[in-house]
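Colleague: take this sequence and fold it.
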Amino acid sequence: MTRPIGPHATTLRKRATKPSYGKANQGKRGLLAKQVAREVCGFAPYEKRAIELLRNSLDKRALRVCKKKLGSHQRAKAKVDELGRFARAK
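Modeller: Okay, here's the model as predicted:
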């Protein structure tokens, strides 16, 4: 595709994807290791507290607890979703 920038026609080059974009895709082996570790180790104290808060429908407080421990809002949201699936299963 060409588009004029100033007096010259230029060709847009397709950028290579960043390696960090593929980081979220988890393989079978990593997923299995994570499941085994969860079975053996159980939950961390802050995770237990967050599960208890979710059971009492205090979602906002659970998010706050996770955010304090994990450091970012995005990671905390993912963790609360994960713990929420566990809390609803029991």
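
Colleague: check which helix or strand Thr10 maps to.
Modeller: strand 8-11 (DSSP states H and E).

Colleague: that strand pairs with which strands?
Modeller: Strand pairing for strand 8-11, using DSSP bridges, gives strand 2-5 (antiparallel).

Colleague: and the strand it pairs with, average pLDDT?
Modeller: Strand 2-5 shows a mean pLDDT of 64.

Colleague: also stretch 57-76?
Modeller: The predicted model assigns stretch 57-76 a mean pLDDT of 96.

Colleague: what's the end-to-end length of that stretch?
Modeller: One end of stretch 57-76 sits 17 Å from the other (CA to CA, to the nearest Å).

Colleague: mind listing what's buried in that stretch?
Modeller: By neighbour count with 16 or more other CB atoms under 10 Å, stretch 57-76 contains the buried residues Ala62, Leu63, Val65, Cys66, Lys67, Lys69, Leu70, Ala76. Placement of C-beta: from N, CA and C, glycine included.

Colleague: return the distance of that stretch from the chain's centre.
Modeller: 12 Å (CA atoms, centre = their mean, to the nearest Å).

Colleague: cool, stretch 7-21 as well?
Modeller: In terms of CA atoms, centre = their mean, the centre of stretch 7-21 is set 28 Å apart from its chain centre.

Colleague: ok, back up a step: can you name the two of the buried residues of stretch 57-76 that sit furthest apart?
Modeller: Ala62 and Leu70 (12.0 Å; CB to CB).

Colleague: if I look at the residue nearest the centre of the chain, how far off is Gly84?
Modeller: Geometric centre of the chain, nearest residue: Ala78, 4.2 Å, by CA atoms, centre = their mean. Applying CB to CB, to the nearest Å, the value for Ala78 to Gly84 is 11 Å.
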